[in-house]
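Trainee: coords please:
(2 chains)
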Number of protein chains: 2
Amino acid sequence: MSREAELPALWSHDPHVHLRFRPGDKVADIETSATRGFGGSKADAPVLQAERSVRLGELQEMLYANSRAGDTRSVLLILQGMDTAGKGGIVKHVVGAANPQGVKYTSFGKPTEEELAHHYLWRIRKALPEPGHIGVFDRSHYEDVLIVRVHDLVAPDVWGARYDEINAFERELVDSGVTLVKVAMFVSLQEQKRRLAERLERPDKYWKYNPADIDERLLWPKYEQAYQAVLDRTSTDYAPWYVVPCDRKWYSRLAITELLIEALKGLNMSWPPPNFDVDAEKARLAEA
Amino acid sequence: MSREAELPALWSHDPHVHLRFRPGDKVADIETSATRGFGGSKADAPVLQAERSVRLGELQEMLYANSRAGDTRSVLLILQGMDTAGKGGIVKHVVGAANPQGVKYTSFGKPTEEELAHHYLWRIRKALPEPGHIGVFDRSHYEDVLIVRVHDLVAPDVWGARYDEINAFERELVDSGVTLVKVAMFVSLQEQKRRLAERLERPDKYWKYNPADIDERLLWPKYEQAYQAVLDRTSTDYAPWYVVPCDRKWYSRLAITELLIEALKGLNMSWPPPNFDVDAEKARLAEA
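Mentor: Residues are numbered from 1 along each chain as shown, chains lettered A, B, ... in the order given. Next up, the predicted model:
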């Protein structure tokens, strides 16, 4: 198991390698309370998260800077997970460390009538990040083989054809310079219950509660099947899935931060060279 | 000079009142190195900025939560200023404290051909924040009476008609529930020179340098006139301008954070009530 040179020592295993879905992995076997590959504890998290957020911010700025010099690459973080898995917390605490200037966040809820009148990838394509940006999908086209499959919203042969179609779509994205970071977030049913209960206890959390969450919860066995199919059929060499245990929020945030850092480092960037004569500009400025 | 009850004691004067443009104020007289209304020093800034960023984040979440319950209001921060005034730093350090989920950032550069084929407010309207969001304009429709005026890009009667048109447009925005926070950021020519020189010294800053910045710098007397006209003609009761001295970055960030907090508090929000029966849901959850 390789360890990236810059990876903090508290990581005994590189999450980029260790959390990657491998053929044969079963959703039913995921230890959602695990802190896989991390040798530290919750007490180590605040300082480490702060340090790595700074690093993430630096790399994001470099991505943005390069786009100004003509680099068309971008990064797209795709977050999937059941209610309460912590997608919102990742957006707030991990993506929140990046400069809003270079972030494009999109939440995909129930499709609008206009969206339903189009191919399911239509709204996805419209939300892709521009060059130099980090796109964030809070849910994504995978809903079209998750909630759609579980609730029989289209016929089985229709959703059944989508896995290959999604793979082809993502191949196209990767070929056009988008680095995909696909994260499947899992919490236990017990932890989910605790988090839903918390939303019912606190008036500042009511707005996050939706009675339909319980209906979805009861459908977990069907979702488990649907997630298994997503992982089995759409985790590719060019766009692998990462499976992140999310019972411990501090762990999932640290892990996803590292996944983003690794994706950005994989672009092998440096600061773009000046497109002007530095000494001549210094002379001009001195006179100005 | 009123002090808002929650305003930290280090503020001797409420920036919401104290930095507001008043008829007769002259751009030429702005003390760009001042820390107007702030009784503390740079050493106080980090802790205070962190505390107030948390507060800003809470209010933003409440704005977002209310939009989910049908409230259509939003906030729009408009940042205007010469190069190096620190607009980017405000986006990174002040807006960056908010949850990306509820932020819509737009930078308005040189108009594209498509944009030029439309009315100058066309691209502005497209970028307005959705309900519950904080929109951020990095430059704005004011460029159409600033750079456009300074460089004679359209005839004087064309730009001359825009002040009233902008006031009417902003009246419409305010009536539709958008709270405008218009911030004019000013640095001294000396401080600007220092910041431009820094960009020429550091390879990680080259990308921020544009030789045209010096050309604009030399046009400062014309820009000063154009900014004066903007403040004189478009600072209205419903959408006033705030004039922020920006030689000290820590001060401008603290001040603009307070302007945003005050705007959000002005919406008199509370957490939205549940749209479900809390006890019934608790019972359902216990069984689920």
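Trainee: so, low pLDDT: which residues of chain A?
Mentor: Applying pLDDT under 70 to chain A picks out residues A:1-4.
Trainee: relative to the whole chain's centre, how far out is the helix ranked longest in chain A?
Mentor: When chain A is parsed with DSSP state H, its longest helix is helix A:45-68. Relative to the chain's own centre, helix A:45-68 is displaced by 16 Å; criterion: C-alpha atoms, centre = their mean, to the nearest Å.
Trainee: tell me the buried residues in that helix?
Mentor: Residues of helix A:45-68 classed as buried by neighbour count (16 or more other C-beta atoms under 10 Å in any protein chain shown): A:45, A:48-49, A:52-53, A:55-57, A:59-67. For the C-beta atoms, the positions are set from N, CA and C on the backbone; glycine is no exception.
Trainee: C-alpha coordinates for that helix, PDB please?
Mentor: Listed next in PDB are the C-alpha coordinates belonging to helix A:45-68 (Å, rounded to 0.1, in the frame of the first residue of the first chain):
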ATOM      1  CA  ALA A  45      -8.600  16.000  13.700                       C
ATOM      2  CA  PRO A  46      -9.000  19.800  14.300                       C
ATOM      3  CA  VAL A  47      -5.400  20.700  13.800                       C
ATOM      4  CA  LEU A  48      -4.800  18.200  10.900                       C
ATOM      5  CA  GLN A  49      -8.000  19.400   9.200                       C
ATOM      6  CA  ALA A  50      -6.900  23.000   9.400                       C
ATOM      7  CA  GLU A  51      -3.500  22.200   8.000                       C
ATOM      8  CA  ARG A  52      -4.800  20.100   5.200                       C
ATOM      9  CA  SER A  53      -7.400  22.700   4.400                       C
ATOM     10  CA  VAL A  54      -4.700  25.200   3.800                       C
ATOM     11  CA  ARG A  55      -2.900  22.800   1.500                       C
ATOM     12  CA  LEU A  56      -6.200  22.200  -0.400                       C
ATOM     13  CA  GLY A  57      -6.600  25.900  -0.800                       C
ATOM     14  CA  GLU A  58      -3.100  26.300  -2.200                       C
ATOM     15  CA  LEU A  59      -3.600  23.600  -4.800                       C
ATOM     16  CA  GLN A  60      -7.000  25.100  -5.700                       C
ATOM     17  CA  GLU A  61      -5.400  28.500  -6.300                       C
ATOM     18  CA  MET A  62      -2.800  26.800  -8.500                       C
ATOM     19  CA  LEU A  63      -5.500  25.100 -10.500                       C
ATOM     20  CA  TYR A  64      -7.300  28.400 -10.900                       C
ATOM     21  CA  ALA A  65      -4.100  30.300 -11.800                       C
ATOM     22  CA  ASN A  66      -3.200  27.800 -14.500                       C
ATOM     23  CA  SER A  67      -6.700  28.100 -16.000                       C
ATOM     24  CA  ARG A  68      -5.900  31.800 -16.500                       C
END
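Trainee: which secondary structure elements does it sit against?
Mentor: In terms of contacts (3 or more C-beta pairs under 8 Å, 6 or more residues apart in numbering or on different chains; DSSP states H and E), helix A:45-68 is packed against strand A:74-81, helix A:249-265.
Trainee: what parts of the stretch 51-200 of chain A come near chain B?
Mentor: Residues of the stretch 51-200 of chain A lying near chain B by C-beta under 8 Å from any C-beta of the partner chain: A:62, A:65-66, A:68-69, A:88, A:91-92, A:95-96, A:98-101, A:103, A:105, A:107, A:136, A:138, A:193, A:196-197, A:200.
Trainee: just the ones in strands from those residues, please.
Mentor: The members of these that map onto strands under DSSP state E are A:V103, A:Y105, A:S107, A:V136, A:D138.
Trainee: any chance of CSV for the residues you listed, columns neighbour count?
Mentor: Converted to CSV, those look like this (neighbours: other C-beta atoms under 10 Å in any protein chain shown):
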residue, neighbour count
A:V103, 22
A:Y105, 22
A:S107, 15
A:V136, 28
A:D138, 21
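Trainee: of all these, which two lie farthest apart?
Mentor: Largest separation among these by C-beta to C-beta: A:V103 and A:S107, giving 13.1 Å.
Trainee: can you give me the buried ones in stretch A:222-233?
Mentor: Buried-residue list, stretch A:222-233, by 16+ other C-beta under 10 Å: A:Y223, A:E224, A:A226, A:Y227, A:A229, A:V230, A:L231, A:D232.
Trainee: what's the most distant pair in those residues?
Mentor: A:Y223 and A:D232 (14.6 Å).
Trainee: from A:W220, how far out is the residue lying closest to A:V154 once chain neighbours are set aside?
Mentor: Closest residue in space to A:V154, ignoring its immediate chain neighbours: A:V148 at 5.8 Å, by C-beta to C-beta, 6 or more residues apart in numbering or on different chains. To A:W220, A:V148 is 17 Å away according to C-beta to C-beta, to the nearest Å.
Trainee: A:I78 now?
Mentor: 21 Å.
Trainee: likewise A:L128?
Mentor: 31 Å.
Trainee: what ranges do the helices span in chain A?
Mentor: Using DSSP H, helices in chain A cover A:15-18, A:45-68, A:87-93, A:113-116, A:122-126, A:147-150, A:156-160, A:162-175, A:189-201, A:212-218, A:220-234, A:249-265, A:278-287.
Trainee: would you mind listing the buried residues in the last one?
Mentor: Of all the residues in helix A:278-287, those buried under the rule 16+ other C-beta under 10 Å are A:E281, A:R284, A:L285.
Trainee: tell me the contacts of the residue of the stretch 51-200 of chain A found nearest chain B?
Mentor: Taking C-beta to the nearest C-beta, chain B has its nearest neighbour within the stretch 51-200 of chain A at A:A65, 3.9 Å off. Shown in contact with A:A65 (C-beta atoms under 8 Å, 6 or more residues apart in numbering or on different chains): A:G132, A:W271, A:P272, B:D204, B:W207, B:K208.
Trainee: surely A:A184 and A:P240 touch.
Mentor: No. The pair A:A184 / A:P240 is not scored as a contact, 10.7 Å apart, by C-beta atoms under 8 Å.
Trainee: quick check: neighbours shared by the two?
Mentor: When C-beta under 8 Å, 6+ apart defines a contact, the residues bordering A:A184 and A:P240 alike are A:F21.
Trainee: neighbour count winner among these two?
Mentor: Taking neighbours as other C-beta atoms under 10 Å in any protein chain shown, A:A184 and A:P240 compare with A:A184 leading, 24 against 17.
Trainee: contacting residues around that one?
Mentor: A:F21, A:Q80, A:G81, A:Y227, A:V230, A:L231, A:W241, A:Y242, A:V243, A:V244 are the contacts of A:A184 under C-beta under 8 Å, 6+ apart.
Trainee: gap between it and A:I256?
Mentor: From A:A184 to A:I256 the distance is 11 Å (C-beta to C-beta).
Trainee: one more: A:V244?
Mentor: A:V244 sits 6 Å away from A:I256, taking C-beta to C-beta as the criterion.
Trainee: who touches both of the two?
Mentor: Common contact partners of A:V244 and A:I256 (C-beta under 8 Å, 6+ apart): A:V183.
Trainee: now A:K208, nearest residue through space, not along the chain?
Mentor: Spatial nearest neighbour of A:K208, excluding adjacent residues (C-beta to C-beta, 6+ apart): A:R199 at 5.2 Å.
Trainee: what about that neighbour, how many residues nearby?
Mentor: 21.
Trainee: pretty sure it sits against A:Y206.
Mentor: Yes. Assessed by C-beta under 8 Å, A:R199 is found in contact with A:Y206 at 6.8 Å.
Trainee: excluding its backbone neighbours, what's nearest A:F137?
Mentor: A:I78 (4.7 Å).
Trainee: which among the contacts of A:A184 end up buried?
Mentor: A:F21, A:Q80, A:G81, A:Y227, A:V230, A:L231, A:W241, A:Y242, A:V243, A:V244.
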